[in-house]
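[1] Next comes the sequence, and after it the predicted model I'd like to discuss.
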Amino acid sequence: MKAIVQNEYGTTDVLALTDLPEPEAGPDGVVVRIHAAGVDPGVWHLMEGRPYLVRLMGFGVRRPKARVRGLDFAGVVHAVGENVTGFRPGDEVFGTCQGSFAEYALTTVDKIARKPGRLGFEEAAAVPISAFTALQALRDRGGVQPRQKVLVIGAGGGVGTYAVQIAKAFGAEVDGVCGTGKVDLVRSLGADTVFDYTREDITGTYDLILDTAGNRSLGSLRKSLAPRGTLVIVGGEGEGKWIGPVGRNLRALLIGPFVKHRLRGLFSTENPDDLEALRALIEEGKLTPVIDRTYALADAPEAIRYVSEGHARGKVVITV
């Protein structure tokens with residue numbers, strides 16, 4: 001099978017389209033014929049091995065343990081292990097794995113769900129990682145409630161486009177912050193007010209702020225919070241090559257006990273219940289993926305390079 005492989009950390013130059021043996025299901029695995037795979041900033045960080053903290057989190061200190069890049073996907077079940085129930089060859093699924101930039105990938109039943117009938121493979125592949133992050137940030141860390149005022153910073157990006165829609169699905173009043181080229185997109189997703197950060201400042205106060213951009217200080221963000229408001233920090237760049245965006249999460253953790261606001265970070269997790277929750281929102285017409293560009297498998301390095309520039313409108317997808 002064809003796959004995008006890396007044997008060392010580095011720029012996109014370390015990626016190569018290579019022939020590999022097809023994975024075997026074993027007793028508990030599910031082999032999926034990949035039709036499309038999503039690209040998110042996490043793929044870029046794992047490719048570079050930066051911040052260096054990711055290497056210490058089990059991804060490999062000197063070289064990546066998982067040679068094939070890619071995390072989320074949509075495709076068709078090709079083979080299942082003898083202990084697997086609930087899925088069989090031919091089922092259309094979406095979910096996560098280690099190594100989705102390939103023609104076939106090995107995953108497990110706790111990381112997949114049936115593909116929403118409303119979506120094609122490309123759209124479904126754009127969902128898991130970014131939508132997991134948005135859902136868990138708003139619901140679990142932010143405690144979003146109906147009629148709350150919610151602000152999504154980075155509303156035109158991969159996580160942000162889902163966050164605007166999910167907050168609306170929970171009954172919140174949602175405003176967004178983005179650049180000029182994404183204002184119409186964010187408004188079309190249901191945002192009540194959209195701030196173009198290149199031209200205007202944020203006005204008003206919010207019960208919940210979700211910051212996916214990472215380019216504002218905690219102090220400036222707190223000024224836009226209601227007296228008992230909640231700030232949830234997700235991703236973003238900066239903080240250097242050692243800890244990267246984790247630094248903002250650590251500062252929030254240290255400052256949190258001494259201020260009236262709730263300051264919270266997020267490290268999203270993959271789980272079947274949330275994948276089903278996202279599928280339900282999609283089938284109800286409350287959540288729609290936004291795809292900026294699609295690339296062929298051979299052009300995966302260019303797709304990662306584009307995502308790393310931070311200008312994507314929604315998600316970038318690789319077709320296989």
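    Received the coordinates, thanks. Everything numeric here is computed off the predicted structure, so don't read it as measured data.
[2] Now do stretch 149-167: distance to the chain's middle.
    12 Å (CA atoms, centre = their mean, to the nearest Å).
[3] Please work out the average pLDDT along that stretch.
    Computed over stretch 149-167, the mean pLDDT rounds to 98.
[4] Repeat that for stretch 16-34.
    98.
[5] List the buried residues for it?
    17, 23, 25-26, 29-34 (16 or more other CB atoms under 10 Å). Where you see a C-beta, it was placed from the backbone N, CA and C, and this is true even at glycine.
[6] From those, which land in helices?
    Here DSSP state H is the test, and the buried residues of stretch 16-34 give no hits in helices at all.
[7] What is the nearest of those residues to Leu151?
    Set against Leu151, the nearest of these by CB to CB is Ile34 (36.1 Å).
[8] Verify the contact between that closest one and Phe73 for me.
    Yes - if you go by CB atoms under 8 Å, Ile34 and Phe73 touch, sitting 5.1 Å apart.
[9] shared neighbours of the two, which are they?
    Jointly contacting Ile34 and Phe73 under the rule CB atoms under 8 Å, 6 or more residues apart in numbering are 100, 105.
[10] Surely Val93 is in contact with Lys115?
    Yes - at 5.7 Å, Val93 and Lys115 qualify as touching, with contact defined as CB under 8 Å.
[11] Pick out whichever of these two has more residues nearby.
    Lys115 (24 against 21; other CB atoms under 10 Å).
[12] For Gly42, see how far away the more buried one is.
    22 Å (CB to CB, to the nearest Å).
[13] With Glu283 instead?
    Taken as CB to CB, the span from Glu283 to Gly42 is 26 Å.
[14] Looking at the two, which one has more neighbours?
    Between Glu283 and Gly42, Gly42 has the larger neighbour count (other CB under 10 Å), namely 18 against 13.
[15] Closest to the centroid, which residue in this structure?
    Taking CA atoms, centre = their mean, the centroid of the chain lies closest to Ser130, which sits 2.1 Å from it.
[16] Now for it: which residues touch it?
    38, 40, 158-159, 161-162, 315.
[17] ok, and the closest non-adjacent residue to it?
    For Ser130, ignoring the flanking residues on the chain, the nearest one in space by CB to CB, 6 or more residues apart in numbering is Gly158 at 4.2 Å.
[18] So what's the residue count around the one you found?
    29.
[19] can you check the one 3 residues further on too?
    Other residues near Thr161 come to 34 when the count uses other CB under 10 Å.
[20] Heading C-terminal from the host helix or strand of it, find the next helix or strand.
    Secondary structure from DSSP states H and E places Thr161 in helix 158-169. Downstream of helix 158-169, the first helix or strand assigned by DSSP H and E is strand 173-178.
[21] tilt between that following strand and helix 158-169?
    160 degrees (axes from the mean of the first three to the mean of the last three CA atoms, to 10 degrees).
[22] next helix or strand past strand 173-178?
    Following strand 173-178 in sequence, per DSSP H and E, is helix 183-188.
[23] which residues touch that next one?
    In contact with helix 183-188 (CB under 8 Å, 6+ apart) are residues 155-156, 160-161, 164, 176, 178, 194, 196, 290, 313-314.
[24] Closest one to Ala3 out of those, please.
    For these, the nearest to Ala3 is Gly314 (25.4 Å; CB to CB).
[25] so what's the closest residue to that closest one other than its chain neighbours up against?
    Distance criterion CB to CB, 6+ apart; nearest residue to Gly314, sequence neighbours excluded, is Val290 at 2.9 Å. Val290 makes contact with 126, 161, 185, 189, 313-315, according to CB under 8 Å, 6+ apart.
[26] Likewise for Ile209?
    Ile209 touches 150-151, 153, 221, 224-225, 229-232, counting by CB under 8 Å, 6+ apart.
[27] Just the buried ones from those residues?
    150-151, 153, 221, 224-225, 229-232.
[28] Among the residues you listed, which are located in strands?
    150-151, 153, 225, 229-232 (DSSP state E).
[29] In which helix or strand does Val43 reside?
    helix 41-48.
[30] same deal with Ile318?
    Applying DSSP H and E, one finds Ile318 within strand 315-319.
[31] Using PDB, write out every CA atom in that strand.
    C-alpha atoms of strand 315-319 as PDB (Å, rounded to 0.1, in the frame of the first residue of the first chain):
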ATOM      1  CA  LYS A 315     -10.300  22.100   7.600                       C
ATOM      2  CA  VAL A 316      -7.800  20.700   5.100                       C
ATOM      3  CA  VAL A 317      -8.400  17.100   3.800                       C
ATOM      4  CA  ILE A 318      -6.300  14.500   2.000                       C
ATOM      5  CA  THR A 319      -8.000  12.200  -0.500                       C
END
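[32] Pull out the buried residues from that strand.
    Buried-residue list, strand 315-319, by 16+ other CB under 10 Å: 315-318.
[33] go on, stretch 274-292?
    Neighbour count says stretch 274-292 has 274-275, 277-279, 281-282, 287-292 buried, by 16+ other CB under 10 Å.
[34] Check stretch 212-224 too.
    Applying 16+ other CB under 10 Å to stretch 212-224 flags 212-214, 216, 218, 221-222, 224 as buried.
[35] Perfect, that will be all.
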